[in-house]
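Q: return a 3D structure for these sequence lines:
(chains A and B)
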Amino acid sequence: MPIRKTDVEKIAELARLDLTAEETEAFTTQLGAILSYIDKLNELNTDEVPPMSHSTAADQDIEYTMRDDEVRPGLGQEVALENAPDGADGYFRVPKVIGG
Amino acid sequence: MENNIDLRDYNIGSLRELIASGKIKAVDVCRAARSRIELLPDLNAFITVTADAAISQAEAIDSIAARGEPLPPLAGTIIAIKDNMVLRGVRSTAGSRILRNYRPPYSATAVERLAASGAILIGKTNCDEFAMGSSNENSAYGPVKNPWDTGRVPGGSSGGSAVAVASGMAMAALGSDTGGSIRQPASHCGVVGLKPTYGRVSRYGLIAFGSSLDQIGPLARSVEDAARVLGVIAGRDPNDSTSSKIPAGDYLSAIERDVRGLRVGVPREYYGEGLDLEVREKVEAAIDKLKEEGAEIVEVSLPHTQYAVPVYYLVATAEASSNLARFDGVRYGFRAEEARTLGEMYSRTRDEGFGAEVKRRIMLGTYALSAGYYDAYYGKAQKVRSLIERDFRNAFASCDVIATPTAPTPAFKLGEKTADPLEMYLSDIYTITANLSGVPGLSIPCGLSSDGLPIGLQLIGRHFDEGTLLRAGHSLEMALGVDFRAGLGWSE
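A: The predicted structure follows:
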């Protein structure tokens, strides 16, 4: 399945990447080559094969994934905001949302 | 130089005894590590050196020793941490520009366990951005150089950790391995590297790349040292729901056993096209050694090996595209200036903050998960992943460990593969299968090429059977008895 420049532009939009024209050009070629290689998987008939999403015993044991719903201390507002590029009054500040 | 201590003269156990008896001071070992880092800045092994905090930690160990109290298991061990694991208050960049000023408010469980066991944390090592790479050329903080030949790559993505251990800046290091990122650099730098079973070590505080594949593990100068570090970091952590409740093994006792009667599987698919002849010779010679030591060599087959790289580059990139969605310029990290809207801020932050390889993988993963392509790519890859896992289960019916080369060639030259992403991906061809299946893999040095470059042998084991892996690795290490300092002549 070849990939076109318009596909790359669409994926960049989904991935929230503001690619330059050069990046779009390069990715069209490179992703095309990688996807042709990946097409090798179609040599295999996998109709009867179950998908594998994880390699752990954990997903078979509910005790792993569920814990008691107890209140535990968190980071707290001040610490949680320490790394924010822009914050004020205990909030993260961002550019306006509407129209974005 | 304040003293002439060379970290490479000690192992973790011997150093701890010397500190306990007062014959050597942890603080002097720590200063020696710092001097070594300062002596070799061109290797670019560290992004952040935490020498002052390390010296305080070393002083604390020395006072325990002075009081005659028992020392914790890793007392005085100088350890470096890959920069994709968080350490409270210390800049943790994961090799990315987008996290250049990030000071995490918490520490990774594996790192906390090391500190609680008396280890001295000397700094954060350079790595490929978000652990995506096989050469350490994708770091926003510059490439790491291989100490055996500074014109060559150290491997990746845990290149800084491998170099720190190989060149005597640390006695051991933590790396992370999603497709070979501990084992391949260990192989290229002549050190031991272990990717534990998925779930053996908590991933809490490891900046996520491919969550069904990522695993933290040790790099060290000997199998014994790797066993000691694993013993400390392994085990259940309530903060990682995928960490296993199976108790950590007694890895030090495990390595004392010889390999008589051990069945070593040799999969023919790992010895075909693309494998460097010298690598093949050294690996086969090492397998002969195992036979001399009493192991039984059996031929096994892992028929779906040729599909591992395409499966990996769909599964890992799909997971990465989801994991890296969190870097949006809002809560932490870099934010692009002067965006007018939220949408523009997101996409400009991400374009300016991520490097080329990270963007390439986000793009590929987003594509593999997008409407209309999900079944053809991601769904297909998950199914073939089952076949690869099944290959291992079948093989382990007739053997106890599997022996393969770690990487198809010795360390390649800087810049040699940067123009062709696909060719770079193929350098992980022998290591990726263990991540897809979740089984543990150990790389140990098994010889030098005619150019004087280290070659690694990989042992792959059953789930949670690190004990057998380490046992076979230790036996082989003893039988081969190579001095892997020889190649460092340029710096001595």
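
Q: mind listing the strands for the chain?
A: I'll assume chain A. A:87-88, A:91-92 (DSSP state E).

Q: the intended chain is chain B.
A: For chain B, applying DSSP E gives strands covering B:46-49, B:78-82, B:120-125, B:172-177, B:192-195, B:215-220, B:263-267, B:296-300, B:401-405, B:441-448, B:454-461.

Q: most neighbours per residue, which of those?
A: Mean neighbour count, computed with mean count of other C-beta atoms under 10 Å in any protein chain shown, is highest for strand B:192-195 among the strands of chain B, reaching a mean of 34. No exception for glycine: its C-beta is placed from N, CA and C like everyone else's.

Q: which one of the strands of chain A lies closest to residue A:14?
A: Smallest distance to residue A:14 across those (C-beta to C-beta): 23.4 Å, for strand A:91-92.

Q: so is that closest one next to chain B?
A: Yes. For strand A:91-92, a contact with chain B is found by C-beta under 8 Å from any C-beta of the partner chain, at residue A:92.

Q: chain center to that strand: distance?
A: 23 Å (C-alpha atoms, centre = their mean, to the nearest Å).

Q: in the chain, which residue is most central in space?
A: By default, I'm working from chain A. residue A:15 (7.7 Å; C-alpha atoms, centre = their mean).

Q: I was after chain B.
A: What sits nearest the mean C-alpha location of chain B, by C-alpha atoms, centre = their mean, is residue B:182, with 2.1 Å.

Q: where does chain B get nearest to chain A, residue-wise?
A: Chain A sits closest to residue B:438 of chain B, with a gap of 2.7 Å, by C-beta to the nearest C-beta.

Q: which parts of the stretch 1-150 of chain B sit against chain A?
A: Residues of the stretch 1-150 of chain B found near chain A (C-beta under 8 Å from any C-beta) are B:101, B:102, B:103, B:104, B:105, B:106.

Q: just the buried members of these?
A: Buried members of the residues of the stretch 1-150 of chain B next to chain A, counted by 16 or more other C-beta atoms under 10 Å in any protein chain shown: B:102, B:104, B:105.

Q: which residues sit in contact with the first one?
A: By C-beta atoms under 8 Å, 6 or more residues apart in numbering or on different chains, the contact set of residue B:102 is A:83, B:91, B:92, B:93, B:332, B:333.

Q: who's sitting farthest from the centroid in chain A?
A: Within chain A, the residue lying farthest from the chain centre (C-alpha atoms, centre = their mean) is residue A:89, at 30.2 Å.

Q: by average pLDDT, which secondary structure element in chain B comes out worst?
A: Ranked by mean pLDDT, DSSP states H and E, the helix or strand of chain B with the weakest confidence is helix B:421-425, at a mean of 87.

Q: correct me if wrong: residue B:319 contacts residue B:211.
A: Yes. Between residue B:319 and residue B:211 there is a contact under C-beta atoms under 8 Å: 5.4 Å.

Q: any low-confidence regions in chain A?
A: Scanning chain A for pLDDT under 70 picks out the ranges A:1, A:56-65, A:99-100.

Q: and the residue of it nearest chain B?
A: Among the residues of chain A, residue A:55 lies closest to chain B, at 2.7 Å counting by C-beta to the nearest C-beta.

Q: ok, the closest residue to that residue other than its chain neighbours - contacts?
A: The shortest distance from residue A:55 to any non-neighbouring residue, by C-beta to C-beta, 6 or more residues apart in numbering or on different chains, is to residue B:438 (2.7 Å). Shown in contact with residue B:438 (C-beta under 8 Å, 6+ apart): A:55, A:56, B:197, B:198, B:199, B:389, B:463.

Q: in TSV: those, plus distance to residue B:146.
A: Shown next, in TSV, are the contacts of residue B:438 (distance: C-beta to C-beta, whole Å):
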residue	distance to residue B:146
A:55	31
A:56	34
B:197	29
B:198	29
B:199	32
B:389	33
B:463	32
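
Q: how about those residues, which pair is most distant?
A: B:199 and B:389 (14.2 Å).

Q: are stretch B:229-246 and chain A in contact anywhere?
A: Yes. Using C-beta under 8 Å from any C-beta, we find that stretch B:229-246 touches chain A at B:238, B:241, B:242, B:243, B:244, B:245.

Q: what's the span of that stretch, first residue to last?
A: Using C-alpha to C-alpha, to the nearest Å, the end-to-end distance of stretch B:229-246 comes to 17 Å.

Q: got it, and stretch B:38-55?
A: End to end - C-alpha to C-alpha - stretch B:38-55 spans 15 Å.

Q: now stretch B:265-285
A: End-to-end distance of stretch B:265-285 (C-alpha to C-alpha): 15 Å.

Q: pLDDT on that stretch, on average?
A: Across stretch B:265-285, pLDDT averages out at 96.

Q: do stretch B:297-315 as well
A: The average pLDDT within stretch B:297-315 is 97.

Q: quote the end-to-end distance of it.
A: Start-to-end, stretch B:297-315 (C-alpha to C-alpha) is 33 Å.

Q: how about it and chain A, touching?
A: Yes. Using C-beta under 8 Å from any C-beta, stretch B:297-315 reaches chain A at B:304, B:306, B:307, B:309, B:310, B:311, B:313, B:314.
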